[in-house]
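**Student:** turn this into a model:
(chains A, B and C, ligands or ions: 2)
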Amino acid sequence: MIRLSAVDMAAQIASGQTSSVALTQAHLDRIASVDTDVHAFLFVDSQGALAQAAAVDAKRAAGEKLSPLAGVPLALKDVMTQKGVPTTAGSKILEGWRPPYDSTVVVNLKKNDIVILGKTNMDEFAMGSSTENSAYGPTHNPWDLTRIPGGSGGGSSAALAAFEAPLAIGTDTGGSIRQPAAVTGTVGVKPTYGGVSRFGLIAFSSSLDQAGPCARTVLDAALLHEAIAGHDPKDSTSINAPVPQVVKAAKSGDVKGMKIGVVKELNGDGYQSGVRTRFEESLELLAAAGAEIIEVSAPNFEYALAAYYLIAPSECSSNLARFDAMRYGLRIGDVNGASAESVMNLTREVGFGREVKRRIILGTYALSSGYYDAYYGSAQKVRTLITQDFNKAFEKCDVMVSPTCPTTAFKIGEKSNDPIAMYLNDIATIPVNMAGIGGMSLPSGLAPEDGLPVGFQIMAPAMQDQRMYLVGAALEAALLTKWGAPLLSQAPALAGK
Amino acid sequence: MALTYDDVIAKYEPVLGLEVHVELNTKSKMFCGCTTVFGGEPNTQTCPVCLALPGALPTVNEKAIESTIKIGLALNCSIAPFSRFARKNYFYPDMPKNFQISQYDEPICVNGYVDVEIETDEGPMVFRIEVERVHMEEDTGKSLHVGGATGRIHGAEYSLLDYNRAGIPLVEIVTKIVPGTGKYAPEVAKAYVAELRDILRSLGVSDVKMEQGSLRCDANVSLRLIGAETLGTRSETKNVNSLRSVERAIRGEMIRHAELLNKGERVVQETRHFQEDSGLTRSGRSKEQAEDYRYFPEPDLIPVAPDATWIETLRAGLPERPSIHRKRLQEAWAVPDKEMAAMINADVLNIVEATVNLGADPTKARSWWLGEISRIANDKDVAIADLTITPSDVAEIVALVNTGELTDKLARQVIEGVIAGEGKPAAVIAARGIKVVNDDGALMAAIEKVCAEQPETAEKIRNGHLPAAGALIGAVMKETKGQADAARVRTLLLSHLGQGE
Amino acid sequence: MSSLSRDDVANLARLARIEMSEAELISLSSEFTVILDAVARVQEVAGADVEPTSHPLPLRNVFRPDVVIPSLTSGEALSGAPAQEESRFRVPQILGEE
Ligand SMILES: [Mg+2]
Ligand SMILES: [Zn+2]
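**Tutor:** Ligands and ions are numbered 1, 2, ... in the order given. Modelled structure (predicted):
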């Protein structure tokens, strides 16, 4: 049962073949069995989830009309507030904090009767590409437990790949939904900026952060996308327009006549050969499905990584200032006679991990007087250039595509002492965040040399998210025909307890 | 030897710069829906946004933007076609996010001016104060310092924070530097803040109560030798909380600077705090290193680009400018310049106006507020506005005098009672048993008694020496505890002594 | 060639309110030499003619009406407080200006 798609689970609940409680319990059992190995979850809310599931079952029994994903369990990235449920953003500084309010995403999940199983592990404050930066220890990739599950949303993607949940919520600032999806053989979508409310999403970089759906199929992702998207007056940057019809697109998967632009700059040196093999194969399948493959160029993408590592740290240096030991969270050094300032300094020293501190210091520098124009100001200009590159390319094509990341999952610990090497993971995903457009990653197979999943990235213009789902569904269908079974069926069975 | 003010202005020219913070009177806070009502129980007017809980996001109060644009228009500013909020980053426990959402290089209103008129040796003179910018920001929470001898921040063992005030909309109005006021600098500054307050009040955008902190002034002062081009080093005196203090603080700083400069010492660029009791300023903690606020555009908020229609609608709805309004009142009331200036100086003009609007005669209303009531306020050393007596009380008292139910003398007793907190005029009259004695029989008894007690004076009057009547009238008034109508007493007395018409 | 000295890092750490050991200051300053070289590339294309982008979407004038909505209770507001007293957040002594 836990290997079904979310759509099929919902259908079984709706038909009475199973109940939400049974389904939820099955997932809780699976978590109890395998999560000691995977460590996808930071908190499992068994009681809350079962209560929510029972309420859904009662609604069904009463004959109420249920939403398309009613009763299906979901794993929530620990960066989203959920009232009364521990929320840490993977940081020690928030250990034990229980928010007194729900994020809008959680409000929408509850409205749709999607059952929240618990909170998933992540790089501290979403800063990282491997989930090794969690203060609570790393998450392991279900394909190979010695490898990283991607990051920052490694917990969410690992939970999907380990069949601990059929749906998950991620957030994507520079690739934190798409890169974990790629390296775990799952689907992850970063909607257009403003498509999903950021209210209750613990901010890393406000102008880049965007929450989105994680799932094992394109259609499941689309259903979750529609459940959580929409205008929110509590988020000033939320788009006040109808949600793109992504479910319709995912069901259609018709790419005949669509122009797919291959980004010249995101496919060459530095990309693992197996990654390129799978990418080329996917292009052929899409061409066979009736799409026209063209090449497009985005000359300024090569500056995206540099601009990202100025903008995101700058914004985070300010966003994370509120973690000061005064109103909530950790407090260190509050001894007789200590000043508020020294307590702040000590708490932030102990409460933040190394990567977080590194970025706060970098951002503090980039914003400081005398350096602002050279760093933050220049990075914002690069942002304009990247957006112009996208706009020009989208004059020639409907979507743009690339491999999601240059390599497959690397070993835990392999890059943790080399920030620059770590940052390169996001080279293909970052331009999307810089321009605020939508991006999707879906599995395109396994790299022949290491047998690990490879991701295929689709990028669509702002508010044209449905185009990613059209192409994603087409490719998914073609690959399924080729493989005969979903990619995850090739993942090793986890021993469990 | 301490310098006198005359010594200072004989040698130096003061240059001013004024920053005024105004709390807007919106119903909800600047960036969240919490109420702005003053005086709630601690931390009952807070939410995830104004407590800066993780994940919370600000949203802009439209009314606050509208009020700010109105202020800008009333101060003759241009309204920027595009403006942005910025984050001003610095750590302080009363500021939950550890940044203040403010505006930096793209404020909403720029380049305005306010004309203020003051009385000079050469008669009334107008000074133009140029306004550099008007921008929006948010207030901080309030801290209570516990332990230590004085309850002050220094020596406190710990602090308690209430965030009810955090996020209340503030508008900051910043002048350009103001040279050329010479010896009138303190008066000009005071008149500017008063004019600003009147403008803001006429717009209805703020309670403008300096004592409650809804209008706060920071005064920058520097001196340079008369004729010098370059500016001297300035000091910034924070949160000067009354009009009188604005004047005193600037005068005090001018003298302090001059004393330093005369001794060949340097003025330190620093923040200072005005002390109400001494009229002097005290140095704030001088910062070892200048703060670097690391301003950048607030990514959580969308730029403000007011369209011309909105601006013009707001412009069309602006009320009469207070200076024009004053001229109109002066004409309508037929008040001489000097009297008008006295009312403005005593800050009673709008109270008198309210009293007149409730039916009182302008002359009477003016004389009560400027006379008896001002005197009591002075004795108590409080502002007239802080007395419990209201324009409607005074209007009522004036009406009672007009109908003869009160004499001026009794009216004074009623006013005193109202101010003493004994209730509204009717309650004071009832409780104190105040009434005009109109009973001729009772008056005649008192007159006969007084004439018997002072036979020689009575005899003088009988012989036609009328000025002597005053003493006997006074005695009768005393006899009747002041409740008699003095004119009636006079008539009866004179006729009793054979001097009636 | 951009770089940050140990003292530069110490000053930034002070601004950012993070206590740092001597070893951390030194290791960060050497890391920053590499990182700053990498990020300084943005200056190559950031010409005066390029407008900066602060917000990814070109939205304008997003306001909310001036309507009061219920606040948290003081109990909820203080629920995460490390220390509290008389319904207020209790914090260590604040050294600074009045
Ligand atoms: Mg300010
Ligand atoms: Zn609030």
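
**Student:** counting contacts, what elements does the helix ranked longest in chain C pack onto?
**Tutor:** In chain C, taking DSSP state H as the definition, the longest helix is helix C:22-39. Helices and strands touching helix C:22-39, by 3 or more CB pairs under 8 Å, 6 or more residues apart in numbering or on different chains; DSSP states H and E, are helix A:304-319, helix A:354-367, helix A:419-423, helix C:6-15. To be clear about C-beta, it is placed using only N, CA and C from the backbone, and glycine gets the same treatment.

**Student:** in the last one, what's buried?
**Tutor:** Buried residues in helix C:6-15, counted by 16 or more other CB atoms under 10 Å in any protein chain shown: C:8-13, C:15.

**Student:** tilt between the longest helix of chain C and helix C:6-15?
**Tutor:** Angle, helix C:22-39 to helix C:6-15, by axes from the mean of the first three to the mean of the last three CA atoms, to 10 degrees: 100 degrees.

**Student:** returning to what we had before: which one of the buried residues of helix C:6-15 is nearest to B:Ala334?
**Tutor:** C:Leu15 (62.9 Å; CB to CB).

**Student:** mind checking how far that closest one is from B:Lys409?
**Tutor:** Applying CB to CB, to the nearest Å, the value for C:Leu15 to B:Lys409 is 68 Å.

**Student:** get me the contact residues on the stretch 251-400 of chain B for chain A.
**Tutor:** B:292, B:294-296, B:299-302 (CB under 8 Å from any CB of the partner chain).

**Student:** do the same with the stretch 51-200 of chain B
**Tutor:** B:51-60, B:87, B:89, B:91, B:93, B:96-99, B:159, B:161.

**Student:** of the residues you listed, which count as buried by neighbour count?
**Tutor:** Neighbour-count burial (16+ other CB under 10 Å) applied to these gives B:51-60, B:87, B:89, B:91, B:93, B:96-99, B:159, B:161.

**Student:** and these, which of them are in strands?
**Tutor:** Counted as lying in strands by DSSP state E, out of these, are B:60, B:87, B:89, B:99, B:159, B:161.

**Student:** any low-confidence regions in chain C?
**Tutor:** Chain C contains residues with pLDDT under 70 at C:1-2, C:96-98.

**Student:** hang on, A:Pro68 in a helix?
**Tutor:** No. Under DSSP: H, G, I helix; E, B strand; the rest coil, A:Pro68 sits outside any helix and is assigned coil.

**Student:** what's the distance between the closest residue to it other than its chain neighbours and A:Ser67?
**Tutor:** Spatial nearest neighbour of A:Pro68, excluding adjacent residues (CB to CB, 6 or more residues apart in numbering or on different chains): A:Leu223 at 5.3 Å. For A:Leu223, the distance to A:Ser67 equals 9 Å [CB to CB].

**Student:** quick one: contacts for residue 364?
**Tutor:** The chain I'm using is chain A. By CB atoms under 8 Å, 6 or more residues apart in numbering or on different chains, A:Thr364 lies in contact with A:317, B:294, C:12, C:15-16.

**Student:** wrong one, chain B
**Tutor:** B:398, B:401.

**Student:** change it to 7 Å
**Tutor:** Residues near B:Lys364 by CB atoms under 7 Å, 6 or more residues apart in numbering or on different chains: B:Val398.

**Student:** which other helices and strands contact the strand ranked longest in chain C?
**Tutor:** When secondary structure is assigned using DSSP E, the longest strand within chain C turns out to be strand C:88-92. Using 3 or more CB pairs under 7 Å, 6 or more residues apart in numbering or on different chains; DSSP states H and E, the elements in contact with strand C:88-92 are helix A:340-351, strand B:158-162.

**Student:** without its sequence neighbours, what residue ends up closest to A:Leu28?
**Tutor:** Closest to A:Leu28 by CB to CB, 6+ apart is A:Ser46, at 5.3 Å.

**Student:** ugh, wrong one, I meant B:Ser159
**Tutor:** Excluding the flanking residues, the one nearest B:Ser159 by CB to CB, 6+ apart is B:Ser143, at 4.6 Å.

**Student:** phi and psi next, for the one you found.
**Tutor:** Main-chain torsions, B:Ser143, degrees, to the nearest 10: phi -110, psi 150.

**Student:** for ligand 2, what's the nearest residue on the stretch 1-150 of chain A?
**Tutor:** Proximity of the stretch 1-150 of chain A to ligand 2 (CB to the ion) peaks at A:Tyr101, 11.2 Å away.

**Student:** how about the most centrally placed residue in chain C: what's its closest non-neighbour residue?
**Tutor:** The residue lying closest to the centre of chain C (CA atoms, centre = their mean) is C:Ala16, at 6.6 Å. Leaving out its chain neighbours, the residue that sits closest to C:Ala16 by CB to CB, 6+ apart is A:Thr364, at 4.7 Å.
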